[in-house]
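Engineer: Okay, predicted coordinates and the sequence, questions at the end:
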There are 2 protein chains.
Amino acid sequence: MAKEAQFVEQIADIESDFPQWYTDVVIKTKLVDYGPVKGTMVIRPYGYAIWENIQKELDARFKATGHENAYFPLLIPMSFLTKEAEHVEGFAPEVAVVTHAGGEELSEPLVIRPTSETIIGNMYAKWLQSYRDLPIKMNQWANVMRWEKTTRPFLRTSEFLWQEGHTVHATEEEAIEETMTMLGVYKEFAENCLAIPVITGKKTEKEKFAGAVATYGMEAMMHDGKSLQAGTSHYLGQNFSKAFDIKFLDKDGALKYGYTSSWGVSTRLIGAIIMTHGDQRGLVLPPVVAPTQVVIVPIASKKPGVLEACAKLKEELASAGVRVLLDDSDNSPGWKFNEWEMKGVPVRLELGPRDLEAGKCLAFRRDKCEKAEMELGGVVEGVQTLLKTIQSDMLESARKRTQERIVCAESVEELLDGVEKQNFVKAGWCGCRECEDKIKEKTSASARVYAEGETAEKCVVCGKKAEHVVIFARAY
Amino acid sequence: MAKEAQFVEQIADIESDFPQWYTDVVIKTKLVDYGPVKGTMVIRPYGYAIWENIQKELDARFKATGHENAYFPLLIPMSFLTKEAEHVEGFAPEVAVVTHAGGEELSEPLVIRPTSETIIGNMYAKWLQSYRDLPIKMNQWANVMRWEKTTRPFLRTSEFLWQEGHTVHATEEEAIEETMTMLGVYKEFAENCLAIPVITGKKTEKEKFAGAVATYGMEAMMHDGKSLQAGTSHYLGQNFSKAFDIKFLDKDGALKYGYTSSWGVSTRLIGAIIMTHGDQRGLVLPPVVAPTQVVIVPIASKKPGVLEACAKLKEELASAGVRVLLDDSDNSPGWKFNEWEMKGVPVRLELGPRDLEAGKCLAFRRDKCEKAEMELGGVVEGVQTLLKTIQSDMLESARKRTQERIVCAESVEELLDGVEKQNFVKAGWCGCRECEDKIKEKTSASARVYAEGETAEKCVVCGKKAEHVVIFARAY
């Protein structure tokens, strides 16, 4: 038993040291490792398989909503960045710069894309001629770079993987509709595929994307009550159209600037999954994106018929499209239980000689750590139903926890108390930057999104009329 | 008709000006465009969709042969490159270098990966402990950069997309077996998915990958008789293991260096498709990777029932898994014919009032530019059969052309004559670098691969005993 206990011991306490718990889990489950250059990560096969499942689900949704994939260059001329005033201010400090290539110094430094509005805008300006070409709706799956001194795998690294959608429309209405549609796509995906309940809404001026007219975010509450920005959708108005000359000849014969949007999610989502669902034993993965949905562990595997029955079970499940793995290694069943629990596999099936005799097996569900018997004759259907149940139960359980931890504050003190108790805090805000900064200074909480449709009397800081109800939280 | 003729006119003559034909085709069919930085390309949706189909087919083959995907950092410390002597010599001259990031000068310059043996080797050394961890078989889909002054979209650009497999094995035999297995996977894929017949074989020392013990390449003959290196598989021996300390504790208790392999194909394959199958009308895409497999063109589309019948046809084909598009735009049928022929869509279905009455439609196959009637009742089956026929006919036709254009030479003059007549030329070679260089100098042809299993009397240059029969060709 000493060997088995080891696994659990090696993970820091989730309640008292959540940051260390996170690091332990991502490293020990081999999701990720640190790269040789400070600030970089290596996404290992177990982590990358989650990303592939995320990509598959999202990509189908992007295509179903009329988007096409393309690929734009990694390197952007420094001068492009400076064409949109807010954009350069936001991104210039964190870019990586190529100054030499092919053995020579470059005449103009090139930056590694921190995001691609500028280079894509440059190409759209070239391609767009007439209203007939609109809308342009493209997406790219790519790596991007924003220099970081610290590394928090999946959450904050210099290089990360993401998708970025970029669209051009003839009218403001259409561009805003696109912005909101994609926010909706993200929310539906986060809830149904990742089992992460999200709160969506508009961001404050301070928190918006550098260069946007308006940014809409989706925020998710992590285990420690902090918020993680899990995706953003930006309405860019004509800011980039004017900077890059994205114009078209409209039906009425007039040359007009297009209205653009952009939206993205990244490998941060893997961090969100870990910190939403994980527990003291390690990862808890939602079935839709789990690399392995079912692991079969033979009990007394040397007894006649056991391994054969397990292999048959595996074939049946695999044929039905279940991602299943048979652990026929030399490790003890207890060791295997701990290992696959730590790796968050949604369902474990245990099958030994007695089970075989009784025509049953034991099904362990990782989310609730409960075991139940399952008829061997009905395993495929049983497992498929169980996976769906786990998926929806995980969402409900996370939703319940999030809802219970949203409180209201009437003063900065109450706001501080709320976030210290690991809550999201709703508070009235007058709309001025000074009050927003003061809240940050006194509570370390930032404005996450507006609580759409809600009203408050007074600003929690200055007491003046509240323009918005804002959800404040400490954030990743 | 003037408008329709335009399309054809705009493409340069394929026989007299193949390079311009290529440029015209890739730009006019919107596969690709030039990026703002010299040497870069933008892969547009029509080109990227081909890449997605290539990825899907290859990725399934990699996984079926036991490989897992992962993702390693883009930036590599300059010092890594220098650890393997041949490797740095080969790649240092063409790397792009990041010297500044986050507003500061870096203490060590970082290079954008030209290939990832070094950074992956560094991580493998960290992960590998025991023989139980072997083999390690990973692949990554990524962008890489090798600085170029000229741009030939898909063929030669600073940045391109590719996959790179990297494996470690306990023995030399296993690593060589892996190298050959992946070469075989590439060949099967190129022939069955891209309809490109390839010649595989070992490369000479001069042409091998910088740092490899042996490189195996697959070469394909383009329309102009030049060869395109379509993929490579490298046996790396212990070169990178020793440079990066990739060691493991073997069964016998001894610490040993692993044996590694690497292998890759890139977006060059799209160039290979274009130059293998294209004709004067433009692209001819193999059905397996064509973004659109079937386009439906309504004839007299305003006549009652025509558009409805076309839409029904589209639904039937789409339900059967065919990638189908209905062109119900305002353009004339003739315009549409030219456009979709230029874009290389394998099958066009034409449906007008008379066809409807007769219960038939016309099926045009792009590869042979032939039309045949098809019963409307059996369109799904008919189209599926036709797509398969086109796929295999394209391979056969390319194979026939390639075979007819492989000639033998007994002298350097014959070799020159052979390549000037747009052939691949087989010739005996003594194995020395001087003779290889002389052939390059006199004929502009390089050694592509050894003709495995064939023998010749004498070296075509020096007349000494021939060690190998080599296939020489001018190359992209």
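Structural biologist: Yes, it's here.

Engineer: In chain A, which helix is the longest?
Structural biologist: Ranked by number of residues, the top helix in chain A under DSSP state H is helix A:379-404.

Engineer: From residue A:163, how far off is the residue of the stretch 251-400 of chain A found nearest chain B?
Structural biologist: The nearest approach of the stretch 251-400 of chain A to chain B comes at residue A:267, 8.6 Å away (C-beta to the nearest C-beta). Where you see a C-beta, it was placed from the backbone N, CA and C, and this is true even at glycine. Distance, residue A:267 to residue A:163, by C-beta to C-beta, to the nearest Å: 10 Å.

Engineer: same deal with residue A:257?
Structural biologist: Residue A:257 sits 26 Å away from residue A:163, going by C-beta to C-beta.

Engineer: out of the two, which sits in the more crowded spot?
Structural biologist: Legend: neighbour count by other C-beta atoms under 10 Å in any protein chain shown for residue A:257 and residue A:163, higher for residue A:163 (20 against 17).

Engineer: check contacts around that one.
Structural biologist: Residues near residue A:163 by C-beta atoms under 8 Å, 6 or more residues apart in numbering or on different chains: A:55, A:58, A:59, A:62, A:139, A:140, A:141, A:142, A:264, A:265, A:266.

Engineer: contacting residues around the residue of the stretch 251-400 of chain A closest to chain B?
Structural biologist: A:43, A:51, A:154, A:160, A:161, A:162.

Engineer: So the fifth one sits against residue A:140, correct?
Structural biologist: No - under the criterion of C-beta atoms under 8 Å, residue A:161 makes no contact with residue A:140, lying 11.2 Å away.

Engineer: burial of residue A:373, as a residue count?
Structural biologist: For residue A:373, the neighbour count with other C-beta under 10 Å is 12.

Engineer: Can you tell me, leaving aside adjacent residues, what's nearest to it?
Structural biologist: The spatially closest residue to residue A:373, leaving aside those adjacent along the chain, is residue A:360, at 5.0 Å (C-beta to C-beta, 6 or more residues apart in numbering or on different chains).

Engineer: next one: residue A:331
Structural biologist: Spatially, and ignoring its direct neighbours in sequence, residue A:331 is nearest to residue A:339 (7.4 Å; C-beta to C-beta, 6+ apart).

Engineer: Quick one: classify that neighbour as helix, strand or coil.
Structural biologist: helix (DSSP: H, G, I helix; E, B strand; the rest coil).

Engineer: where's it relative to residue A:292, distance?
Structural biologist: Using C-beta to C-beta, we find residue A:339 at a distance of 12 Å from residue A:292.

Engineer: My read is that residue A:337 contacts residue A:343, right?
Structural biologist: No - counting by C-beta under 8 Å, residue A:337 stays clear of residue A:343, with 11.1 Å between them.

Engineer: who has more neighbours, the two?
Structural biologist: More neighbours surround residue A:343 than the other of residue A:337 and residue A:343, with 23 against 20 (other C-beta under 10 Å).

Engineer: which residues touch the more buried one?
Structural biologist: When contacts are counted by C-beta under 8 Å, 6+ apart, residue A:343 is found next to A:29, A:46, A:282, A:283, A:285, A:292.

Engineer: among the residues you listed, who's most crowded?
Structural biologist: In terms of neighbour count, residue A:285 stands highest of the contacts of residue A:343 at 30 neighbours, by other C-beta under 10 Å.

Engineer: who's in contact with the residue lying closest to that one once chain neighbours are set aside?
Structural biologist: Closest residue to residue A:285 apart from its sequence neighbours, by C-beta to C-beta, 6+ apart: residue A:344 at 3.9 Å. Residue A:344 makes contact with A:29, A:277, A:278, A:282, A:283, A:284, A:285, A:290, A:366, according to C-beta under 8 Å, 6+ apart.

Engineer: what does residue A:368 give?
Structural biologist: Neighbouring residues of residue A:368 by C-beta under 8 Å, 6+ apart: residue A:393.

Engineer: Tell me which helix or strand it sits in.
Structural biologist: Using DSSP states H and E, residue A:368 sits in no helix or strand.

Engineer: Please report the distance of it from residue A:272.
Structural biologist: Going from residue A:368 to residue A:272 by C-beta to C-beta gives 21 Å.

Engineer: and if you look at residue A:362?
Structural biologist: For residue A:362, the distance to residue A:272 (C-beta to C-beta) stands at 31 Å.

Engineer: Which one's more surrounded, these two?
Structural biologist: Between residue A:362 and residue A:272, counted using other C-beta under 10 Å, residue A:272 has the larger neighbour count: 25 against 16.

Engineer: and the more buried one, backbone torsions?
Structural biologist: Backbone geometry at residue A:272, expressed as degrees, to the nearest 10, gives phi -60, psi -40.

Engineer: Among the contacts of residue A:267, which ones lie close to chain B?
Structural biologist: Within the set of the contacts of residue A:267, contact with chain B (C-beta under 8 Å from any C-beta of the partner chain) is found for A:43, A:51, A:161.
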